[in-house]
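>>> Need coordinates for the below:
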Amino acid sequence: REENAFSQSSLKLIQENKTEETRYNLIDKSKIANTVLQTTWVEPLKRNYYIQAMLQWSYMARGVEHSFYLPDGSNGYTQRDQKLSGDFTNKLHSVRASLNFQKREKTYNITVGLGLSPNIMNTDSPLIQGGRYTLTQLYFMPSLRIGYNPSSTTSLQAWYNAYGDMPNVEYMIPFSDPSNPLLVKEGNLALKPSFNHNFRGFFRHFNPKSRVAYNLFFHARYSQNAVVQKQQLDPSTGKRKASFVNVDGIGFGGIFANVTMPIFNPFFSLNIGLMAMHNRSIGFINEEKNNANTLQLMPQLSLSFVKGPLYIRIKGDGGVNYTLNSLAAAPNMRVWDYSAGLDGNYTFPFGLTVETDFAFKGNYGYADTFKRKDWIWNASLAYSFLKNRAATVSLKLYDILGNETGIAHNAGAFSISESNVNVLGRYFMV
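Model prediction:
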C-alpha cells in the first residue's frame, strides 16, 4: 500500500515584538508491505481431548519519506531542509508458534494454550546514530478459553489472551513539526516493547416461559510497558518538550448488561440496559506523574410495540463522563449527555414500508460553545417487488431539520477537550 500527502503552509510566529514567517512545502510519502503465512494442525487425542499447533510467520515493511522544502527564490520549493526532514525504513520479522490443548464435553469446553513469538525490528534512518537500530523481543503468550452451555438457552464464554507490541517508530525518532514551533519532540531509542493482557466474554440466557432475555458482555485490557508521553513546559518561552517513556498500569474495563421482557401483553416489550466503562491513562507533566481515571455510566431504556406490520418504539438514554486526575493542577470534570426519541415503521400489504425516527439530543456541563439541544428527524420509504419481494428500492432522508451537531468530549492524562466533529448534515440516499 502506498500513501502520499502534500501540503503548502505559511507560518507566522510572533514573540517579544518580533515576527518570523516561515513558508514551506511538506511532502509525506509512505509505503507499507505486509505478508503473513500460517499453518494449523489439529489432532484428536483420547476421548474428548484435542491438541492444536499453529505456526505463523509475518513480515511488515514500512518506508516513510518526510520532506520539508523551503522557497528557492524563484517561486519554487526545491531547497530540502535537512534539519526538519526525516526518512526511515522499518522492517519487522515475527514468528509465532503456539500449542493448545482442548477438552470438549457436552456442556462445556476448555482450551489452554501457550505461544512463543520471537520478533526482530530493524529501523534505518539518518536520524539514528550509526544509521540503524535493531530491537529484538521474545514474547511468551498464554491463552485460556472457557465455554459453558448447559442448555440451548444459556451460554457463557470467557477468553484471556496476551500479546505484545513493538514501539512506534515515530516515538523512537519523532519528526519535527514546524507548524507548531512551541512543541519540541524527543525520540527515545530505549523504549521497550509493550505487553498486553486481554479479557473478554459474555453471558446469555433466555427463559422460554417468561420470554425474558438476559445479556452481559465484558471486556478489559491491562498493559505493561505501555508508551506514554512526558511533557516539560518552559514558562518563559511557552515551549513544550515532549518525550516518551514506558510505564505499567494503562488499561480499561467495561461491561454492558441488558434485560428484555414482555410487559402489559405480548405486543409490548421493555428493554433496560446499562453500560459502565473505566479508562486509566498516565502522563508526566514537568516530571510529575498524573493518573487520569475516567468513568462512564450510560443507562438505556426503551419500550416497543409490535403487532403485525406495525412497529413503534419509545427510547431514552443518558450518560455521565467523570474524569479524576491525581495532580491537583489538572482539572477534574463531569459532563452529561442525554437523548429521548421515537421511531417506528409500517409495511403495507403491497410492499411499501414507511419508516421514521425522531429524537432530541442534549448535554450538560460542557462549555457554552459546545452545548447542544438538537432535534433530529430521519425518514425513509422502501418498496419491495418481484417474486418473494426479492428486489427493494428505497429513499432515505437524514437530518431533515438540519440540526445535527457533532460534539466530542475527550479526556486524558494531559488534557480534557471538547471539540466539533464534522457531520454530513442534511442529505439523502437512494
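
>>> Show me what the lengthiest strand in the chain packs onto, helices and strands only.
Using DSSP state E to define each element, the chain has its longest strand at strand 18-44. Packing partners of strand 18-44 (3 or more Cβ pairs under 8 Å, 6 or more residues apart in numbering; DSSP states H and E): strand 2-15, strand 49-71. Heads up, the C-betas are built off the backbone N, CA and C, glycines and all.

>>> Show me which residues of the helix or strand following the last one are buried.
Scanning the chain past strand 49-71 towards its C-terminal end, the next helix or strand to appear is strand 77-80 (assignment: DSSP states H and E). Of the residues in strand 77-80, those buried under the neighbour-count criterion (16 or more other Cβ atoms under 10 Å) are residue 77.

>>> Can you name the residues in contact with the helix or strand residue 317 falls within?
When elements are assigned from DSSP H and E, residue 317 belongs to strand 310-325. Strand 310-325 has contacts (Cβ atoms under 8 Å, 6 or more residues apart in numbering) with 275, 290-305, 331-346, 409, 411, 413, 416.

>>> Report the mean confidence score over it.
For strand 310-325, mean pLDDT rounds to 93.

>>> The longest strand of the chain: partners in the sheet, and parallel or antiparallel?
Using DSSP bridges, strand 18-44 pairs in its sheet with strand 2-15 (antiparallel), strand 49-71 (antiparallel).

>>> returning to what we had before: starting from the strand holding residue 317, tell me which strands it pairs with and how they run.
strand 288-307 (antiparallel), strand 333-347 (antiparallel).

>>> Just the buried positions in it, please.
313, 315, 317-323, 325.

>>> Could I get those in a markdown table, plus columns for distance to residue 170?
Formatted as a markdown table, the entries for the buried residues of strand 310-325 read as follows, by distance: Cβ to Cβ, whole Å:
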| residue | distance to residue 170 |
| --- | --- |
| 313 | 46 |
| 315 | 43 |
| 317 | 38 |
| 318 | 38 |
| 319 | 33 |
| 320 | 35 |
| 321 | 29 |
| 322 | 32 |
| 323 | 26 |
| 325 | 26 |
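
>>> for those residues, which one is nearest residue 186?
Nearest to residue 186 out of the buried residues of strand 310-325 is residue 325 (Cβ to Cβ; 24.2 Å).

>>> Setting the sequence-adjacent residues aside, check what's closest to that closest one.
residue 292 (5.2 Å; Cβ to Cβ, 6 or more residues apart in numbering).

>>> ok, how many other residues are close to the one you found?
Neighbourhood size, residue 292 [other Cβ atoms under 10 Å]: 22.

>>> looking at it, it is touching residue 285, isn't it?
No. Residue 292 lies out of contact with residue 285 (Cβ atoms under 8 Å); the separation is 10.9 Å.

>>> list residues touching both of these two?
What both residue 292 and residue 285 touch, as defined by Cβ under 8 Å, 6+ apart, is the set residue 330.

>>> neighbours of residue 226, just the number please.
Applying other Cβ under 10 Å, we find 21 residues neighbouring residue 226.

>>> OK, contacts around it?
Applying Cβ under 8 Å, 6+ apart, the residues near residue 226 are 194, 246-250, 282.

>>> repeat for residue 57
Here residue 57 is in contact with 36-38, 93-96 (Cβ under 8 Å, 6+ apart).

>>> Using PyMOL, define a selection of the buried residues within these.
Remark: buried members of those, expressed as a PyMOL selection using 16+ other Cβ under 10 Å:
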select buried, resi 94+96
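
>>> Helix, strand or coil: sort out residue 388 for me.
helix (DSSP: H, G, I helix; E, B strand; the rest coil).

>>> pLDDT weak spots in this structure?
Low-confidence segments of the chain (pLDDT under 70): 1-24, 26, 176-179, 407-425.

>>> one more time with 50, if that's ok
Filtered on pLDDT under 50, the chain yields the residue ranges 8, 12-13.

>>> any idea which residue sits dead centre in it?
residue 252 (11.9 Å; Cα atoms, centre = their mean).

>>> Can you tell me the SS state at that residue?
The three-state label given to residue 252 by three-state DSSP is strand.

>>> quick one: the residue lying farthest from the centre of the chain and residue 25, what's the gap?
Going by Cα atoms, centre = their mean, the residue of the chain most distant from its centre is residue 74, 45.7 Å out. Going from residue 74 to residue 25 by Cβ to Cβ, to the nearest Å gives 14 Å.

>>> If residue 322 is in a bridge, with which residues?
Under the criterion used (DSSP bridges), residue 322 bridges to residue 295, residue 334.

>>> make that residue 65, sorry
residue 29, residue 87.

>>> Which residues does residue 268 form beta bridges with?
If you apply DSSP bridges, the partners that residue 268 bridges to are residue 305.

>>> Counting neighbours, what do you get for it?
Neighbours of residue 268 (other Cβ under 10 Å): 15.

>>> Would you check that it makes contact with residue 261?
No. Using Cβ under 8 Å, residue 268 is not in contact with residue 261; the gap is 9.7 Å.
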